[in-house]
Structures are given as structure tokens and as C-alpha cells.
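Participant: after the sequence you'll find the predicted model.
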Amino acid sequence: MRGNERPTLLTRRQILASGAAIAGTVPFLTKERAAAAPEPRTAVLRLIADTRTLSVNGKSAQVFGLIGPNGKPGLTLSPGERFHVDLVNQAGTSTLVHWHGQLPPWTQDGFPWPQTPPIPAGDTQSYDYAPIAGTYWMHSHHGMQEQSLMTAPLIVRSAEDMRADRQEVVLMLHDFSFKTPDELLAGLTKSNDSQSAMPKGGMAKAMNMDSGSMGAMKSGTRPGMAMDPNDVDFDAFLANDRTLADPEVVRTEPGGRVRLRLINGASSTQFWIDLGTLAGTVVAVDGHPVRPLRGSRLPLAMAQRLDVLIDLPGNGSYPIVAQVEGKRARTGIVLAAAGTPVLRLAAEAGEYAPPVDLSLEGRLEAVTPLAQRAPDVTHRVILAGAMAPYAWSMNGEYWPNVTPLMIAHGQRVAIEMVNRAMMAHPMHLHGHAFQVVAINGAQFAGAVRDTVLVPPMGSVTIAFDADNPGRWAFHCHNLYHMTTGMMHISSFPVPKDMGLPDPGLSGPRFGHRFRIARTRQI
Ligand SMILES: [Cu+2]
């Protein structure tokens, strides 16, 4: 939405002219082409997809990682710097990384379309686009690698960030299990086989059962609580890869001024951010500036980000805590002035956290909202599913057997998402930032962002101007919901001369419900 380069789809002629057309594959920018491009040159940043060992609760665990040029997770770009990156795959298995919330051309979005297949082990792929400033993140969109922590921050600084002279603190959240994602998924879907023959009425009954008694039976849930919003029982919750028993301690200046960049990179967990005695000012959501809003307890749905300005009142020690919704479990980091004893917190809060909700969303206002305009097209999308059998759908369809939501260049597009399920769905659209324009039918001019929570039995309407041609994934960011069907497509008409299937994408190349391409488990 801000001065971004938006190349159109390559035509077959252009692909052939690039000398890189291979078996219907749209080429990424090769190093040769990038070198010839008439763009202002910036250094190529190396990002390495790799494996690494974490220590969690005193046990070691092998996970994936995305390591930048400074040896730390992820990338930080300077104001005006292009996203000019060589992604080096040293993960020992094929991978593909999505630049969550960034708006590159669709062939650089890091989604495994047939035309943009995963990067084989040992290969390097180059990316080159104009990024938008703000707090973003990156994660594998291949198999279930994201669950194994193939995730990292992607911070694009603005000129204003540099002028503000605030200490930047990135806090990335994860959920962690010693079980593999496949084992966790099998635990969720194990009832599917026995119940797949169930008639439709029986399925509805199973859903009602889940929303009450079955959910409450899970461990760690308050007795008598209506439902457990968590599908999975994790072994740990991580803040910058560490638990609250051994938190990261960020040393601050006396009376320090901090810009806290919060990222929920968890696969299936939502948090309440608790600033404790500190008062924060929310200034951006999902990288996009909002009118400043004060707060110290802030909901953060899966895949969302929050930028919070904090002026530390003194030389104290200030935990920044993230508590899991529906649980007492929490994680976090500590801000502490040099020489100050570090305040330690118990890993469990005294109270159970309520489900994450839209209490903040409904008060947010974009600094740069969409222009006033009626939608040219409105798509209504029904979100449905249940814990037993464990399967989640959009408009009754399960990925990859879906009918794309067609949009056209220049259209104002509205999408009304209606949740008919008892679980919340953090919905993410690739390729366009959208504005939240209605909650439960009540219209307002909300935040511009890329991921919004649709609460149980609630509805949220988003709007955007279709200006980034291509084929874009639109899905729930609870990765177990996504894996069992809750993914869809918003697509521009694809030019016939590209030789692509248009617009349907169903077929064996996309894997099959419950049988998404598995990656090597680590
Ligand atoms: Cu979902």
C-alpha cells in the first residue's frame, strides 16, 4: 500500500525471453537476471534455512531455523533497502519461505504453487522486491516445517524509526512440542477414520459435543470453563526461543525508550501480552501504523504483530509476558536496566487467561485507511469445522479442492468471513493488506493489516483494492486448521498465454486433504 513495486504477471513470451522457462515453471529472478536489472543496487543478503538445537525445559530438541547474515534469526532491512535476498537451503530437505505480510509479486511470495515449487535441499533461490516498512516475519509454507520453528522475524525499518532513536526489542512467540507435527496432527485427526462414515446429523452432534465437554476435559483447562480454545497441548511456550524459567534479559538504558516489536509465530496458540506495571502505546499492527492507543494487556492472534512504544519509568526490571489464552501458561522476556537485578516470574500465572478477542481490534484505526468507496465485489466465506472429526472448511470446501474467489485488477474487494464454528480462526490473506471494515455486521473504519481473528460464531468483513495481480493463498493461520482443509485462493484471472490451469487448482499436484506433502521430521 506504500510505494510498492507491483510487477504484472510474466507472459509466456517474457518467460521465454528470460531464457529460464523450464517445464512450465515461472522462473524466479536468477542471479544473472537480478544483476542485469536496472535497479539501485543493494547488497545481497544471505538467509540460511538450516537446522539447530534448542534447549527446552532442560532437554535438547532439534528444530529448523532461518539465520540471517549476522548469525541471528531473520533479517532486518534498512530504510529504502530492497528485499534482495539469497535463500540458501541447508535444511537437508526441500523448503519454501513465505514473507508474511509483505506484498511481493506472486511468484516471489513463497507459496508452493505448481509454478513456484519448493527449493530442493542444497539449492539457493534469489528474491528481489521493494519491501514495505514495519514488523513482519517469515516462515516456511511447505509441509509442516513452520511448526518445527522454520520461522524468524523480518523487520523493515523506516526513516522515521531511525529518527525516533528508540531501542528496538523484537519478541517472537512460539509454541513448542517434543512431539513431531505429524504426531500432533495424528492425535487431532485420529477420530476421523472411525467417524468418517457418520451421517451429516451425526457430525453436527459431534461438533456440539466438542465445544463443551470434550474441550473442557483437556488438561490445563479450568474446570467448568465453557471450552478450551487450544487444539493442542504443547510442552512449552517460547519467547525468542526461551522459556520464562530462563528468559532473555534485554538490557535497557536508564529511563529507556523502547519500541517493542511483538510477533506471534506460534503454530496454534494465541496470547495476551501483559506489560505488567508498564503502560504501552500501540502504534502499528501487522506492520501498518494505527492511531496511537494506550494499553498494557493486549490480545495477539496467531501470525499477528503489534508495535508498542514503552517509556521505562526508571531503572527497574520489567517482565514482558505473553499468557496463553484459556491457560495459566505463559512465556516472556525481561527488560532490565544495566546492573539491575532481574525480576523472575513463575511460568504459570495465577489466573486463566480468557480467549483472545476483538476488544482491541474494534478500537483500532488505520493511519492510512482505504479511500471511501463501495465494494465492486463482495465475497462471503463461511468458516466451518469441528474437533471431531477434525476438519476445517471454507465455503464447505477443503483445500486443495476449492473454487477460487475471483477478483480483478482495480476492484474494491470485500470479503465477509462468517464463522459457524466454535473455534476462532485467524485469517490471513496473501498479496494484499486489507482494512477491517466490519465486526459482527457493525461497520467501522479499522486497522489495515494482513491477519484478522474471526471469533467463534462471529463475523468480520475486510476490504482491499485489488492491485497486486496473481494467485494468492487465503487461509486460517492455525496451522492444524490449515493442514486439514482451511485454505482457499483469491485469484486474478490468469492470462491464457501463461499456459497455467485457469483458475482451478484442484489436482494431485497439491496433495490431498490429510495428506499434505510431508517433510522430513527432525
Ligand atoms: Cu482456523
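Facilitator: Arrived safely, thanks for sending.
Participant: and the residue lying farthest from the centre of the chain, what does it touch?
Facilitator: Most distant residue from the mean C-alpha position of the chain: Gly339, 36.4 Å away (Cα atoms, centre = their mean). Gly339 makes contacts with Asn315, as judged by Cβ atoms under 8 Å, 6 or more residues apart in numbering. Glycine gets a C-beta too; all of them are placed from N, C-alpha and C.
Participant: can you name the residue of the stretch 51-200 of the chain nearest the ion?
Facilitator: The stretch 51-200 of the chain approaches the ion most closely through Leu188 (12.3 Å), counting by Cβ to the ion.
Participant: how about the contacts made by that residue?
Facilitator: Here Leu188 is in contact with Asp231, Val232, Met387, Tyr390, Tyr480, Thr484 (Cβ under 8 Å, 6+ apart).
Participant: ditto for Leu278
Facilitator: Ser296, Ile310, Leu312, Pro313, Tyr318, Ile320.
Participant: does Met162 sit in a helix, a strand or a coil?
Facilitator: Three-state assignment for Met162 (DSSP: H, G, I helix; E, B strand; the rest coil): helix.
Participant: list the buried residues of the longest strand anywhere in the chain.
Facilitator: Ranked by residue count, the top strand of the chain under DSSP state E comes out as strand 45-56. Buried residues in strand 45-56, counted by 16 or more other Cβ atoms under 10 Å: Leu45, Leu47, Ile48, Ala49, Asp50, Thr51, Leu54, Val56.
Participant: which parts of the stretch 351-500 of the chain are strands?
Facilitator: 377-386, 391-394, 405-406, 412-419, 425-429, 434-439, 442-443, 448-449, 451-454, 459-465, 471-476, 487-491 (DSSP state E, counting those that start in this stretch).
Participant: the third one pairs with which strands, and in what direction?
Facilitator: Right, strand 405-406. strand 487-491 (parallel) (DSSP bridges).
Participant: give me the contact list for the partner strand.
Facilitator: 379, 381, 394-395, 397, 399-400, 402, 404-407, 413, 415, 429, 431, 470-476, 503, 505.
Participant: roughly how far apart are the residue positioned nearest the centre of the chain and the ion?
Facilitator: By Cα atoms, centre = their mean, the chain has its centre lying nearest to Ala303, at 3.0 Å. With the distance defined as Cβ to the ion, to the nearest Å, Ala303 ends up 11 Å from the ion.
Participant: which residues touch the nearest residue to that residue once chain neighbours are set aside?
Facilitator: Leaving aside its chain neighbours, Ala303 sits nearest to His477 (4.0 Å; criterion: Cβ to Cβ, 6 or more residues apart in numbering). Contact analysis of His477 by Cβ under 8 Å, 6+ apart lists Ala301, Met302, Ala303, Pro426, Met427, His428, Thr451.
Participant: ok, 6 Å please
Facilitator: Met302, Ala303, Pro426, His428, Thr451 (Cβ atoms under 6 Å, 6 or more residues apart in numbering).
Participant: for it, give me the pLDDT.
Facilitator: His477 is assigned a predicted lDDT (pLDDT) of 97.
Participant: quick one, phi psi at it?
Facilitator: Main-chain dihedrals, His477, degrees, to the nearest 10: phi -90, psi 0.
Participant: with Asp182 instead?
Facilitator: phi -60, psi -40.
Participant: enumerate the residues of the stretch 401-522 of the chain near the ion.
Facilitator: His425, Cys476, Asn478, His481 (Cβ under 5 Å from the ion).
Participant: can I get those in TSV with neighbour count?
Facilitator: Listed next are these as TSV, based on neighbours: other Cβ atoms under 10 Å:
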residue	neighbour count
His425	29
Cys476	29
Asn478	27
His481	27
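Participant: and which of those residues is nearest Gln108?
Facilitator: Ranked by distance to Gln108 (Cβ to Cβ), these are led by Cys476 at 23.2 Å.
Participant: which ones are touching that closest one?
Facilitator: His425, Met427, Met482, Met486.
Participant: partner residues bridging the second one?
Facilitator: Beta bridges link Met427 to Val452, Cys476, judged by DSSP bridges.
Participant: just give me the neighbour total for the closest residue to Met162 other than its chain neighbours.
Facilitator: Distances taken as Cβ to Cβ, 6+ apart put Pro79 closest to Met162, at 6.2 Å, once the chain neighbours are dropped. Counted with other Cβ atoms under 10 Å, the neighbours of Pro79 add up to 13.
Participant: separation between the residue of the stretch 251-400 of the chain at minimum distance from the ion and Met423?
Facilitator: Of all residues in the stretch 251-400 of the chain, Trp392 sits closest to the ion, at 5.6 Å by Cβ to the ion. Going from Trp392 to Met423 by Cβ to Cβ, to the nearest Å gives 8 Å.
Participant: so what sits against both of those two?
Facilitator: By Cβ under 6 Å, 6+ apart, no residue touches both Trp392 and Met423.
Participant: ok, and the closest non-adjacent residue to Pro469?
Facilitator: Phe492 (4.6 Å).
Participant: gap between whichever strand or helix holds Met138 and the chain center?
Facilitator: Using DSSP states H and E, the element containing Met138 is strand 134-140. Distance, stretch centre to chain centre, for strand 134-140: 7 Å (Cα atoms, centre = their mean, to the nearest Å).
Participant: residues making contact with it?
Facilitator: 95, 97, 99-102, 146, 150-154, 156, 261, 263, 265, 284, 287, 305, 307.
Participant: contact partners for Ala279?
Facilitator: Ser296.
Participant: try 7 Å this time
Facilitator: Residues in contact with Ala279, defined by Cβ atoms under 7 Å, 6 or more residues apart in numbering, are Arg294, Ser296.
Participant: that one and Thr331: what is the separation?
Facilitator: 21 Å.
Participant: just to revisit the earlier point, can you pull the pLDDT of the residue of the stretch 251-400 of the chain closest to the ion?
Facilitator: 95.
Participant: what's around it, how many residues?
Facilitator: 25.
Participant: does the residue nearest to Met162 touch Ile155 like I think?
Facilitator: No: using Cβ atoms under 7 Å, Pro79 is not in contact with Ile155, being 11.4 Å away.
Participant: count of neighbours near Ala366?
Facilitator: Neighbour tally, Ala366, other Cβ under 10 Å: 21.
Participant: mind listing what it touches?
Facilitator: If you count contacts by Cβ under 7 Å, 6+ apart, Ala366 has them with His288, Val290, Gln435, Gly446, Ala447, Val448.
Participant: just give the closest residue to the fourth one, not the sequence neighbours.
Facilitator: The shortest distance from Gly446 to any residue other than its chain neighbours is 3.5 Å, reached at Val436 (Cβ to Cβ, 6+ apart).
Participant: and the gap between that neighbour and the ion?
Facilitator: For Val436, the distance to the ion - Cβ to the ion - is 17 Å.
Participant: show me what contacts that residue?
Facilitator: Glu361, Gly446, Ala447, Arg449, Val452, Val460, Ile462.
Participant: redo that, cut-off 8 Å
Facilitator: Glu361, Leu364, Phe444, Gly446, Ala447, Arg449, Val452, Val460, Thr461, Ile462.
Participant: ok, of those, which come out buried?
Facilitator: Among the contacts of Val436, those buried by neighbour count (16+ other Cβ under 10 Å) are Glu361, Leu364, Gly446, Ala447, Arg449, Val452, Val460, Thr461, Ile462.
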